[in-house]
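[1] From the sequence below, what's the structure:
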Amino acid sequence: INQPIKNILVKDYVSYRLKQMMTGEWASRTLRNLDSLIAFGGSAAWYNLMKAQVYIANRQKQEALMVLRDFKNERFDRDTCIWAYYLYLSTLVEKERTYVERLTSEIEGIFKHNPEDERLFWMLLFLRPDYQRDSGKKYNALRHWIENGHASPLLYVEAYYMIWQNPALLSGLDNFNLSLLQWANRHDALTKDLVIQLMNLVNLDRGFSRRAYSLLVEGYRKFPADAILNTLCSYVVKSGEKSKEYLPILREGIDEGLSITGIYEAYLSSMEAKDTTDIPRALTMYFGFDQNLSDELKELLYANVIINKNNEREIYEQYSHTMEIFALNAMLKGRINDNLAIIYNDLLDKNMISEDIAKHMSKILLAKRIAVSNPDVTLALIYSEPFVNPILAEVKDGGCYANLPTDKFVVVFQERNGYRCRKRSFCDGSFCG
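    Got it, this is the predicted structure:
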């Protein structure tokens, strides 16, 4: 029973510190939950002191003084954490400088004998003069504790509070800063200033951080701005990273007309080989004049143009002659894959196959596609006759093609680690490797 209530106490305190809950509501909820913990037999002394902290925050000074007076009369040992908590609360009530300095010194003494006690460190965050003078030192102290196994929400919220006040404390895309921003994002606490600081750090980054990219996307969705979109697209393009997860942002950049060298190539390179999603019109128009692409990307582009020709007839006509030449050259080389199959079918529909090309097409027409579901398979060894060397086919994008004169064959799949397993097909050549 106690643990769920404790979890609520922490959650509510974090919301209060993040200014997502008004002081009055937080005080009311917390006092009620603390009374429940006391009723269930919890540590009354600790929970009563927590109530005193709530009273202080809610400007109920008299109630807080009564709790502190009752605690002092119980005569607790003066070298314990609970006594340090009493001293800390006393500094919140009486703020006279020499008094606060004296009590801080007592807490430091207790901390010296209990250097791993997270609660004592938390109290000193608000009391140590050097932390008040030097925010960087305080931030680094929080970093040290969190990175060394004290990833408490109470410490995270104080670290967040510091970057909320001064985003410049985020000086790099290291693990701690990114973890803190991820924590803030989970708690719906990313601010515009923090997103701008993250954008500045991404602009300076010479590598690529997937975590930083994902966080900046979250920031962009919350605070849309052309500068952030430009940074995101440029970050992907400069890094050379290729993944379908980057397509939505790259597409937005293309649709917004961002002038980023390489953005069209990055978009194509991030598409999966069998992706038939409508390509941005600006991209197809661009490559209609400049097709300095690899054959693999041309196949993807042309297949997409053909699939969407009913919707973009003008684009299709613009590409038509270039695609015909490309298809004929590929046929003469006997090449075949999923995208080339789409291109060849379009060529066949135009009745453009000469007798000379038909001879080469016979090899392609005999090609069978072998579907492979195991992502670790990289090579297929296909045996159509006993005691004859196999046909070797590279497995890409979930399958491979091979010219086979018969429907009966045996396939041995080879994985990246060299492991081989055998599969048999009697008809369509489709099975799971």
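
[2] Let me know the average pLDDT across stretch 46-66.
    In this model, stretch 46-66 has a mean pLDDT of 97.

[3] any idea how far that stretch is from the chain center?
    The chain centroid and the centroid of stretch 46-66 are separated by 41 Å under CA atoms, centre = their mean, to the nearest Å.

[4] That one: end-to-end distance?
    This stretch, stretch 46-66, spans 15 Å end to end (CA to CA, to the nearest Å).

[5] same thing with stretch 242-250?
    11 Å.

[6] what separates that stretch from the chain centre, distance-wise?
    Centroid displacement of stretch 242-250 relative to its chain, using CA atoms, centre = their mean, is 13 Å.

[7] So for it, what gets flagged as buried?
    246, 247, 249, 250 (16 or more other CB atoms under 10 Å). Just so you know, the C-beta spots here come from the backbone N, C-alpha and C atoms, and that holds for glycine as well.

[8] Ok, stretch 19-26 next?
    Within stretch 19-26, the residues that count as buried by 16+ other CB under 10 Å are 21, 26.

[9] Can I get it in CSV, CA atoms only?
    Provided in CSV are the C-alpha atoms of stretch 19-26 (Å, rounded to 0.1, in the frame of the first residue of the first chain):
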residue,chain,number,x,y,z
LYS,A,19,5.4,24.2,-12.7
GLN,A,20,2.8,21.8,-14.1
MET,A,21,0.8,21.8,-10.8
MET,A,22,-0.2,24.8,-8.7
THR,A,23,1.3,25.1,-5.2
GLY,A,24,-2.1,24.9,-3.5
GLU,A,25,-3.1,21.7,-5.4
TRP,A,26,0.3,20.1,-4.8
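
[10] sorry, back to before: of all pairs in the buried residues of stretch 242-250, which one is the farthest apart?
    The span of the buried residues of stretch 242-250, defined through CB to CB, is set by 247 and 249 at 7.5 Å.

[11] And residue 347, which helix or strand is it part of?
    Take DSSP states H and E as the rule and residue 347 turns out to sit in helix 338-349.

[12] Quick one: list the elements packing against that helix.
    helix 295-307, helix 313-332 (3 or more CB pairs under 8 Å, 6 or more residues apart in numbering; DSSP states H and E).

[13] Please identify the buried residues of stretch 110-122?
    Of all the residues in stretch 110-122, those buried under the rule 16+ other CB under 10 Å are 110, 111, 117, 119, 120, 121, 122.

[14] Enumerate every residue touching residue 300.
    Shown in contact with residue 300 (CB atoms under 8 Å, 6 or more residues apart in numbering): 268, 271, 273, 275, 339.

[15] So the third one belongs to a helix, correct?
    In other words, residue 273. No: Residue 273 is assigned coil when assessed by DSSP: H, G, I helix; E, B strand; the rest coil, not a helix.

[16] ok, and the closest non-adjacent residue to it?
    residue 397 (4.1 Å; CB to CB, 6 or more residues apart in numbering).

[17] any idea how far residue 381 is from the one you found?
    Between residue 397 and residue 381 the distance is 19 Å, computed by CB to CB, to the nearest Å.

[18] And these two? Which one has more around it.
    Higher neighbour count among residue 397 and residue 381: residue 381, with 17 against 13, using other CB atoms under 10 Å.

[19] Let's verify that one: helix, strand, or coil?
    Strictly by three-state DSSP, residue 381 counts as strand.

[20] Which strand residues bridge it?
    For residue 381, the beta-bridge partners are residue 392, residue 412 (DSSP bridges).

[21] Hmm, residue 402 and it touching each other?
    No: Residue 381 lies out of contact with residue 402 (CB atoms under 8 Å); the separation is 10.0 Å.

[22] before we move on, the earlier item: out of the buried residues of stretch 110-122, which comes closest to residue 414?
    Nearest member of the buried residues of stretch 110-122 to residue 414, counting by CB to CB, is residue 121, at 55.9 Å.

[23] List the residues that contact that closest one.
    Counting by CB under 8 Å, 6+ apart, residue 121 touches 111, 141, 145, 150.

[24] ok, back up a step: who touches both of residue 381 and residue 402?
    In contact with both residue 381 and residue 402: residue 391, using CB under 8 Å, 6+ apart.
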